[in-house]
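S.K.: structure for the following, please:
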Amino acid sequence: MARQKGLMKYIGTIGDVRHFKIKGQPGFYAGMVGGPTAQQVKTAPEFERTRENMNEFGGCARTGKSLRTALSQVMSKMADSQVTGRLTSVMKKINLEDGTEARGYRKVEVSTQRQYLIGFEFDKKLSINGVFNAPYDVEHNVDRNEADFVVAAFNPAELISAPAGTTHFRLINALAVLSDFSFNPTTGNYEPDDAINNELNVVEYSAYIPLNAPYAGDTISAVLPGAPTLANNVTVVQCIGIEFFQEVNGNYYPFASGNCLKFEDAF
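M.R.: So this is what the prediction gives:
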């Protein structure tokens, strides 16, 4: 694939050459026009495997979108430009583990493959464990509708790598409910097995914590609204995060960089 380096910037097709941008990548790219038509991909027997892959990929993308929707309140300041693709890739790994359905219709059974989610960073270049080094733990109740982010006492100036100019930070404890997804032959789409509880969420924040003063520790509790009863076909994803601020005359101004969020647990 060619990469355009000149001053002329455009997207589209000229002759047999197609020019385009790739999200999250600098510059413009070029490639030859060609390949099968859309109708061939939809109907030709030789593209049966392609159609199966496309169907399952769509299911994985929809599952990932549900999780992103549930966490949209905190994602905007935490995620890199490739988070959608990276999360879809995780869902595809889960999809490939299903041994109950035919190829092309395999489930995205998150509830049996939760280990693939744990440790996922919303910004692949900024790990929360490289920014927040204080001692902490996470806990949840047996009904899976409450979870705690327990932080021990520590000195933030020694254990937090904050952006220059930071005066305060907040810790985040977020819960998101994600259903397993299965193919519905009636609608021709992947749909959540538990549409009622899917995307249920809650986000809780600590107080604004001074960066240059000892922190006594605290427990940040998050409780899903409505005290839902969760069946085995849903997963609760617990996210922890940190965001930075500069305090000026009693107002807290957020930083656009340095903030982190990750999947700490899935249960």
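
S.K.: from now on I want contacts and neighbour counts done on CA atoms only, so please keep to that.
M.R.: Will do.

S.K.: which residues touch the closest residue to G99 other than its chain neighbours?
M.R.: Counting by CA to CA, 6 or more residues apart in numbering, R106 is the residue found nearest to G99 once chain neighbours are left out, at 7.5 Å. By CA atoms under 8 Å, 6 or more residues apart in numbering, R106 lies in contact with 56, 95-96, 98-100, 182-183.

S.K.: for these, which one is nearest K124?
M.R.: N95 (22.2 Å; CA to CA).

S.K.: how about the nearest residue to that closest one, chain neighbours excluded?
M.R.: Sequence neighbours aside, V108 is the residue nearest to N95 in space, at 4.5 Å (criterion: CA to CA, 6+ apart).

S.K.: can you pull up the bridge partners for the one you found?
M.R.: F181 (DSSP bridges).

S.K.: wait, doesn't S161 sit right on F132?
M.R.: Yes: if you go by CA atoms under 8 Å, S161 and F132 touch, sitting 6.8 Å apart.

S.K.: and V236, what pLDDT?
M.R.: pLDDT for V236: 98.

S.K.: quick check: phi and psi at it.
M.R.: Main-chain dihedrals, V236, degrees, to the nearest 10: phi -100, psi 120.

S.K.: quick check: bridge partners of it?
M.R.: What pairs with V236, by the bridge criterion (DSSP bridges), is V177.

S.K.: quick one: residues contacting it.
M.R.: Counting by CA under 8 Å, 6+ apart, V236 has contacts 144-145, 175-178, 266-267.

S.K.: redo those residues as CSV? Include distance to N197.
M.R.: Output for the contacts of V236, formatted as CSV (distance: CA to CA, whole Å):
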residue, distance to N197
R144, 12
N145, 11
L175, 12
A176, 10
V177, 7
L178, 8
A266, 16
F267, 15
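
S.K.: out of the contacts of R106, who has the most neighbours?
M.R.: Highest neighbour count within the contacts of R106, by other CA atoms under 10 Å: E56, with 25 neighbours.

S.K.: where does that one land in three-state SS?
M.R.: helix (DSSP: H, G, I helix; E, B strand; the rest coil).

S.K.: could you pull out the helices in the chain for me?
M.R.: For the chain, the helices defined by DSSP state H occupy 38-43, 48-70, 72-75, 83-96, 128-131, 156-159.

S.K.: from F57, how far off is the closest residue to T100 other than its chain neighbours?
M.R.: Closest residue in space to T100, ignoring its immediate chain neighbours: R106 at 7.2 Å, by CA to CA, 6+ apart. Using CA to CA, to the nearest Å, one gets 10 Å for the distance from R106 to F57.

S.K.: so who does S66 touch?
M.R.: 178, 198-199.

S.K.: rerun that using 6 Å as the cut-off
M.R.: Neighbouring residues of S66 by CA atoms under 6 Å, 6 or more residues apart in numbering: E199.

S.K.: separation between it and V150?
M.R.: Counting by CA to CA - S66 and V150 are separated by 27 Å.

S.K.: same question for A195.
M.R.: 31 Å.

S.K.: still on that earlier bit, tell me which of the helices of the chain lies nearest to E247.
M.R.: Comparing the helices of the chain under CA to CA, the one sitting nearest is helix 156-159, at 16.1 Å.

S.K.: chain center to that closest one, what's the gap?
M.R.: Relative to the mean C-alpha coordinate of its chain, helix 156-159 is positioned 27 Å out (CA atoms, centre = their mean, to the nearest Å).
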